[in-house]
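structure, please.
(one chain, ligands or ions: 1)
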Amino acid sequence: MTSRIKRFAAASITTAVATLGVTVANPSPAAAAMTICYNTSQAPSYASIANQAASIWNNATSNLTLTANCGSNLRIYQITGGGSYAVRTSLGNGRVYIDTQQAQQYSPLRIMTHEIGHILGLPDNYNGNCAILMSGGSAGTSCTNPYPSSTEANRVTNLFAGTRSSAAERAADAGTMIFQDSWPAAPATVG
Ligand SMILES: [Zn+2]
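The predicted structure follows:
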């Protein structure tokens, strides 16, 4: 009986759409975006860079809205020496530290989007490929790409949507959800 009703309803919709001459591209409502508030009060030199990085992540994902100074899910700091790094306390929450010396060698925007990537759930992938945001410093100082690959961006979207549900994905995420990591000068210095 249920399937008959569903079929009937579907047929009716199809008929109605055909009658109106329109196409229903996406009948399901979009999920509400999750807001991640970032605070740059402790990183005055990088507030503009943080805004650019937020725009990149907002454009690359379908369910996130990184917004400046509306709260403190993500606190951004600038430090001198020691390397840039991220401390994620939970998905979408944590702290990012930008090393001002390192940001003179490497693209500061790439560092910022990379470290925010950790806050959004991504692990490092030091494969030296500049097209991969999470390859970080392994791609060298000449690499200025600040954009996540589609694979990286989709992984973030799926993490926030809660749809990374395979056993392999859960196992991969479990080891990386709370961590501290640094942007190395070379792959050999990964700690
Ligand atoms: Zn990293």
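
separation between residue 170 and the ion?
Distance of residue 170 to the ion, given as C-beta to the ion, to the nearest Å: 21 Å. Heads up, the C-betas are built off the backbone N, CA and C, glycines and all.

doesn't that residue fall inside a strand?
No. Counting by DSSP: H, G, I helix; E, B strand; the rest coil, residue 170 is not found in a strand; it is helix.

and it, how many neighbours?
By the criterion of other C-beta atoms under 10 Å, residue 170 has 10 neighbours.

what is the burial count for the residue lying closest to it once chain neighbours are set aside?
For residue 170, ignoring the flanking residues on the chain, the nearest one in space by C-beta to C-beta, 6 or more residues apart in numbering is residue 164 at 7.1 Å. By other C-beta under 10 Å, the residues close to residue 164 number 18.

ok, residue 164 touching residue 156?
No. Using C-beta atoms under 8 Å, residue 164 makes no contact with residue 156, being 9.9 Å away.

give me the common contacts of these two.
With contacts defined as C-beta atoms under 8 Å, 6 or more residues apart in numbering, no residue is shared by residue 164 and residue 156.

buried set for whichever strand or helix holds residue 53?
In the assignment (DSSP states H and E), residue 53 maps to helix 47-60. Across helix 47-60, burial judged by 16 or more other C-beta atoms under 10 Å covers 47, 49, 50, 51, 53, 54, 56, 57, 60.

can you check stretch 71-89 too?
Within stretch 71-89, the residues that qualify as buried are 73, 74, 75, 76, 78, 79, 83, 84, 85, 86, 87, 88, counting by 16+ other C-beta under 10 Å.
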